[in-house]
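> Quick one: sequence plus predicted model below, questions after.
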Amino acid sequence: QVNLVESGGGLVQAGDSLRLSCAASGLIFSTYTMGWFRQAPGKEREFVATISVRSTKSTYADSVKGRFTISRDDAKNTVYLQMNGLQTRDTATYYCAARVDTVVAVRTERGEYAYWGQGTQVTVSS
């Protein structure tokens, strides 16, 4: 059974940084494309960042490009999201997602992912 557990969220001020982690179990982590999505109250869940197998490729939503960095440690079965320069509009519940992939690819659509974590709350105050 695949299990994804996010951590690292919290309440911060605008301009601060946070690093989210997503620990995966029940899967061969190195064969999964990983993604981060977020959902603010009253809004749809949106793509944030994704990283391919072997960390060959990554891509970001325009709204976070240059501020957020996704990375993975296959030895630890963990994907990270380093968030710098946080803004109030970054306030949301952040979810990690996983999809098995036999090719190097980046996945930006929710429907492309088979497994999801429960989310971690990030609140940015002004």
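Nice, I can see it.

> mind listing the strands for the protein?
Taking DSSP state E to define them, one finds strands in the chain at 3-7, 10-13, 18-25, 32-39, 46-51, 58-60, 68-73, 78-83, 92-100, 115-116, 120-125.

> so how far is Tyr113 from the spatially closest residue to Phe29 that is not a sequence neighbour?
Nearest-residue entry for Phe29: Asn77, 4.2 Å, with adjacent residues in sequence omitted and distances by CB to CB, 6 or more residues apart in numbering. No exception for glycine: its C-beta is placed from N, CA and C like everyone else's. Distance of Asn77 to Tyr113, computed by CB to CB, to the nearest Å: 17 Å.

> do the same with Gly8
20 Å.

> out of these two, which sits in the more crowded spot?
Higher neighbour count among Gly8 and Tyr113: Tyr113, with 20 against 16, using other CB atoms under 10 Å.

> Now the more buried one. Its backbone dihedrals?
Main-chain torsions, Tyr113, degrees, to the nearest 10: phi -110, psi 140.

> now do Arg45
According to degrees, to the nearest 10, Arg45 has phi -70, psi 130.

> re the thing from before, please tell me I have it right and the residue nearest to Phe29 contacts Tyr32.
No - here Asn77 lies out of contact with Tyr32, judged by CB atoms under 8 Å, at a distance of 9.5 Å.

> Comparing these two, which residue is more hemmed in?
Tyr32 (26 against 18).
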